[in-house]
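Chemist: here are the coordinates; sequence isn't available:
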């Protein structure tokens, strides 16, 4: 069997019923929506808004957020169709396995591991930075050696260890904590919006779309790949600035895809997953646009501080106490992002281990907690070490390229699976197929081309390491390549299941064959 062998949707769902690999089904549409908001709204709302307005878009950054949301919505629709059709852990990895084949699935799984490991580590360090600022404002500074940028970032390590323990003891317990922290974060964001309205001067919104201007550009390996090949110099402001701003703030939305990794732990995945993915995206878009309007109305875009625009916008008006509140909101906000990325990483590795592309013993589920406890502990230790001892600033773009490559393959996978398996029951369908999924893939490729040459080179090195592991180990050990695996799946094949032990949906047409 070749590297493009596929794992049928029926087989993927049948595997979830094996006792040693069965996860606890406890999540609802509300859990998934909160989960999505928890990972999407992070430091971006406190920092990225002001940076993009100051450097490239001006007040028109609000339009940039809408453009980026449309691009994300296209990818989200593709995720929603797949997640409701293949309600199995693993997100884009599992979807690619059923449509594009094993090698593509491995590549995307490998990319998602990169995205979530680095993402959790980067955000844990960001959390440590905000915690240091908060404690300083409260008059209790953290010693420099064990804080952000110190010899050991002990605060980041402690955060990852606590959240890793929580994640190991149960998904529902993790999401209860997540729900409380998301509520705190949303309260502070809404408070900032309402309080900020008191300081808004409508004159700061004029001109809403500033005149185009040349933009400071990078050279060599730090320039975008598109600029490297085309020689086109990017401009700031004007219509071009709106799209440049959209490329920048697009990354404030990244994370909704992690919702799909919990498909197997959702009570009614066919209904709840599309709701969770799309609702979290809509809520985040409204909040981002409101924050962008307030911050550009409070301070002229030329005077915004790119590093901490929201806190400094209040300081600009003498309300320095708000900076303390914003730091507290960022600490709560980033906690939920780290927790969600840790859960996402464990579910991706769990799916790959269950398929034996990674050692299958890793995928054992704890008999009491019903969580993949071995993987949870490994992920926690690796992320804690990376967050505590590595200067990760240079690797942040790696998170973005891993995510975008997943978006591209999921968008293409929707088109392929519609053609290969038109008979599958789909609770949610992307409208205007293949045009919308095709447009989603094209936009994501364009955004990838806007990442630096350096990021692409590092990404290629990561892919080469992945190919070596795949051909040396994974291809030979893959479960669907073993004799008798197909026969195992067929007797209890189904299309969908709902609650613990309840099976619903249409039976596989192949199951009745002689």
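Modeler: Nice, thanks for sending it over. What you see is a predicted model; the values in this text were computed from it and never measured.
Chemist: now what about whatever helix or strand residue 375 lives in, what contacts it?
Modeler: Assigned by DSSP states H and E, residue 375 belongs to helix 373-389. Here helix 373-389 makes contact (Cβ atoms under 8 Å, 6 or more residues apart in numbering) with 117-118, 120-122, 124-125, 128, 152-154, 156-157, 159-161, 163-165, 167-168, 342, 345-346, 349-350, 353, 361-366, 392. Placement of C-beta: from N, CA and C, glycine included.
Chemist: buried ones in that helix?
Modeler: Going by neighbour count (16 or more other Cβ atoms under 10 Å), the buried part of helix 373-389 is 373-376, 378-380, 382-384, 386-388.
Chemist: you'd agree residue 126 is up against residue 335?
Modeler: No. Look at residue 126 against residue 335 with Cβ atoms under 8 Å: they stay out of range, at 10.8 Å.
Chemist: which helix in the chain runs the most residues?
Modeler: If you go by DSSP state H, the chain has its longest helix at helix 102-137.
Chemist: neighbouring contacts of the helix or strand that it is followed by?
Modeler: Using DSSP H and E, the helix or strand that follows helix 102-137 in sequence is helix 154-169. For helix 154-169, the external contacting residues (Cβ under 8 Å, 6+ apart) are 120-121, 124-125, 127-128, 131-132, 142, 146-148, 173-174, 177, 335, 338-339, 342-343, 346, 366, 369, 371, 373, 376-377, 379-381, 383-385, 387-388.
Chemist: tell me where the stretch 351-500 of the chain has helices.
Modeler: For the stretch 351-500 of the chain, the helices defined by DSSP state H, counting those that start in this stretch cover 373-389, 396-420, 435-449, 453-469, 475-477, 485-489.
Chemist: worst average pLDDT in the ones you listed?
Modeler: Set side by side, these show their lowest mean pLDDT on helix 485-489, which sits at a mean of 47.
Chemist: now residue 324, nearest residue through space, not along the chain?
Modeler: residue 137 (4.5 Å; Cβ to Cβ, 6 or more residues apart in numbering).
Chemist: got the contact list for the one you found?
Modeler: 323, 324, 327.
Chemist: so which of those residues wins on neighbours?
Modeler: Most neighbours among the contacts of residue 137, by other Cβ atoms under 10 Å: residue 327, with 24 neighbours.
Chemist: which neighbouring elements make contact with the helix or strand containing that one?
Modeler: Assigned by DSSP H and E, residue 327 falls within helix 321-354. Identification of packing neighbours for helix 321-354 by 3 or more Cβ pairs under 8 Å, 6 or more residues apart in numbering; DSSP states H and E yields helix 29-40, helix 44-52, helix 92-99, helix 102-137, helix 154-169, helix 171-197, helix 309-316, helix 373-389.
Chemist: and with 6 Å instead?
Modeler: With contacts taken as 3 or more Cβ pairs under 6 Å, 6 or more residues apart in numbering; DSSP states H and E, helix 321-354 sits against helix 29-40, helix 92-99, helix 102-137, helix 154-169, helix 171-197, helix 309-316, helix 373-389.
Chemist: format these as a markdown table; extra columns: distance to residue 17.
Modeler: Shown next, in a markdown table, are the helices and strands packed on helix 321-354 (distance: least, Cβ to Cβ, whole Å):
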| stretch | distance to residue 17 |
| --- | --- |
| helix 29-40 | 22 |
| helix 92-99 | 15 |
| helix 102-137 | 21 |
| helix 154-169 | 23 |
| helix 171-197 | 18 |
| helix 309-316 | 48 |
| helix 373-389 | 20 |
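Chemist: do you know which of these lies nearest residue 268?
Modeler: helix 29-40 (8.0 Å; Cβ to Cβ).
Chemist: what residues does the closest one touch?
Modeler: 175, 178-179, 182, 253, 255-256, 258-259, 272, 275-276, 279-280, 283-284, 336-337, 340 (Cβ atoms under 6 Å, 6 or more residues apart in numbering).
Chemist: which of the residues in stretch 317-332 are buried?
Modeler: Going by neighbour count (16+ other Cβ under 10 Å), the buried part of stretch 317-332 is 319, 322, 323, 324, 325, 326, 327, 328, 329, 330, 331, 332.
Chemist: any weak-confidence spans in the chain?
Modeler: Along the chain, the model assigns pLDDT under 70 to residues 1, 19-21, 43-44, 46-47, 170-172, 217-218, 307-308, 369, 392-396, 484-514.
Chemist: which residue is nearest the centroid of it?
Modeler: By Cα atoms, centre = their mean, the chain has its centre lying nearest to residue 255, at 2.2 Å.
Chemist: hang on, the earlier thing: would you mark the buried spots in the longest helix of the chain?
Modeler: Here helix 102-137 shows 102-135, 137 as buried, counting by 16+ other Cβ under 10 Å.
Chemist: swap in stretch 216-232?
Modeler: Residues of stretch 216-232 classed as buried under the neighbour-count rule (16+ other Cβ under 10 Å) are 224, 225, 226, 227, 228.
Chemist: of those, which is the nearest to residue 408?
Modeler: Distance to residue 408 across the buried residues of stretch 216-232 (Cβ to Cβ) is lowest for residue 225, with 14.7 Å.
Chemist: for the closest one, what are phi and psi?
Modeler: Here is the backbone geometry of residue 225 (degrees, to the nearest 10): phi -60, psi -40.
Chemist: please apply the same query to residue 88.
Modeler: The phi/psi pair for residue 88 (degrees, to the nearest 10) is phi -130, psi 150.
Chemist: I'd say it and residue 95 touch.
Modeler: No. Using Cβ atoms under 6 Å, residue 88 is not in contact with residue 95; the gap is 8.9 Å.
Chemist: just want the angle from the helix holding residue 375 to helix 321-354.
Modeler: 140 degrees (axes from the mean of the first three to the mean of the last three Cα atoms, to 10 degrees).
Chemist: how distant is helix 373-389 from the center of its chain?
Modeler: Counting by Cα atoms, centre = their mean, to the nearest Å, helix 373-389 is centred 18 Å from the centre of its parent chain.
Chemist: again, but for stretch 182-195
Modeler: That offset, for stretch 182-195, works out to 22 Å (Cα atoms, centre = their mean).
Chemist: okay, buried residues for it please.
Modeler: 182, 184, 185, 186, 188, 189, 192.
Chemist: quick revisit: and the longest helix of the chain, how far from the chain's centre?
Modeler: 10 Å.
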